[in-house]
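Novice: Provide a 3D model corresponding to the input given below.
(one chain, ligands or ions: 1)
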Amino acid sequence: MRKVQLILIDGMRPDALTGCSSPDAAWLLAHTLHTLAGRTVVPPVTLPCHMSLFHSVDPARHGVTTNVYTPQVRPIDGLFECLGRKYHCGMYYNWEELRDVSRPGSLAEALCFSQYVHGFERSNAMVTEAAIRGMREHGMDMTFTYLGWANEAGHEHGWMSEPYLLAVRESLRCVRQLIAQAPPQCITIVLADHGGHDRTHGLDIPEDMTIPVMIHGMEEVGKMTKRVSIKDIAPTLAALMDCPVPKEWEGQNLISYLGRSDSDA
Ligand SMILES: [Zn+2]
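Specialist: Prediction:
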């Protein structure tokens, strides 16, 4: 059975991906289907963007508009609720506020290595190691790996500053490890939740709203011509795992445009 992994680098702008002098960035762009012009949702803030990523609706619909979680008034099942009925899903993260992107009972494994205890730099590595173990040793069918360091460096030193670019470079090294250690046939989607400008993000401006999206493991590589929204990721992952999606989801399945990668699909 095909496995999939989702990897998110918090706050990674497309021009940071291309401009951070990372051999891993060059490798990813050469080996993925990708866009450097994906669009996130308003407000481009971490928790609202993650809720839209996993529930395929705008913040106005799921109701989370700040980094403080509030339960949905008209609840929609998210990706983990859909996949969790059939598969073992694992989540590995270093920003504890993400705990509510799935409802209790949806995940087979959830490991948080808090930045408050370990720092973002060290916990990025711990999250990566845990996600690799989850897929290789603990039987996870789908994993979500969240790497928070780049966003923290952006807030502290400024987006596109040298410390921020270093954090992006190191995060991309984690991504390369996660892809290298993934099982055969695994499809990996790598993206950001939002960008940033100066020392912040949250505005409806290109620097904050534009995100890279890369898909590794399909036959096709190169630039995606379709416009890609962060809301398209959950329907795409669900389709890759042959899982039906709720009627409320607004995003498009990207692979219906891309074609299937493997002959046994
Ligand atoms: Zn974020």
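Novice: And the helices in the protein?
Specialist: For the chain, the helices defined by DSSP state H cover 14-19, 23-31, 46-55, 59-62, 79-84, 115-118, 120-136, 149-157, 162-180, 206-209, 233-240, 255-258.
Novice: The ion: which of those helices is closest?
Specialist: Smallest distance to the ion across the helices of the chain (Cβ to the ion): 3.1 Å, for helix 46-55. All C-beta spots, glycine's among them, are computed from the backbone N, C-alpha and C.
Novice: does any part of the closest one sit near the ion?
Specialist: Yes: using Cβ under 5 Å from the ion as the criterion, contacts between helix 46-55 and the ion involve residue 46.
Novice: Run through the neighbouring helices and strands of that helix.
Specialist: If contacts are counted by 3 or more Cβ pairs under 8 Å, 6 or more residues apart in numbering; DSSP states H and E, helix 46-55 sits against helix 59-62, helix 79-84, helix 233-240.
Novice: quick one on the thing from earlier: highest average neighbour count across the helices of the chain?
Specialist: helix 46-55 (a mean of 26; mean count of other Cβ atoms under 10 Å).
Novice: can you give me the angle that helix makes with helix 233-240?
Specialist: 30 degrees (axes from the mean of the first three to the mean of the last three Cα atoms, to 10 degrees).
Novice: Dump helix 46-55 to CSV, restricted to CA.
Specialist: C-alpha atoms of helix 46-55 as CSV (Å, rounded to 0.1, in the frame of the first residue of the first chain):
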residue,chain,number,x,y,z
THR,A,46,0.0,29.6,11.6
LEU,A,47,-3.0,28.0,13.3
PRO,A,48,-5.7,29.4,10.9
CYS,A,49,-3.5,28.2,7.9
HIS,A,50,-3.1,24.7,9.4
MET,A,51,-6.8,24.5,10.0
SER,A,52,-7.4,25.4,6.4
LEU,A,53,-4.7,23.0,5.2
PHE,A,54,-6.4,20.1,7.0
HIS,A,55,-10.0,21.0,6.6
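Novice: What lies in contact with it?
Specialist: With contacts defined as Cβ atoms under 8 Å, 6 or more residues apart in numbering, helix 46-55 is touched by 8, 10, 40-41, 58-59, 61-62, 64-69, 76-80, 95, 97-98, 101-102, 151, 193-194, 230-231, 233-234, 249.
Novice: try 7 Å this time
Specialist: Outside helix 46-55, the residues that touch it by Cβ atoms under 7 Å, 6 or more residues apart in numbering are 10, 40-41, 58-59, 62, 64-65, 67, 69, 76, 78-80, 97-98, 101, 151, 193-194, 230-231, 233-234.
Novice: Among those, name the buried ones.
Specialist: 10, 40-41, 58-59, 62, 64, 69, 76, 78-80, 98, 101, 151, 193-194, 230-231, 233-234 (16 or more other Cβ atoms under 10 Å).
Novice: Residues of this protein that sit close to the ion?
Specialist: So the chain meets the ion at 10, 46, 151, 193 (Cβ under 5 Å from the ion).
Novice: ok, the first one - contacts?
Specialist: Contact criterion Cβ under 7 Å, 6+ apart gives 46, 146-148, 150-151, 192-193 as the residues in contact with residue 10.
Novice: rerun that using 6 Å as the cut-off
Specialist: Residues counted as contacts of residue 10 (Cβ atoms under 6 Å, 6 or more residues apart in numbering) are 148, 150-151, 193.
Novice: How about the last one?
Specialist: Contacts of residue 193 were listed using Cβ under 6 Å, 6+ apart, and they are 8, 10, 46, 49.
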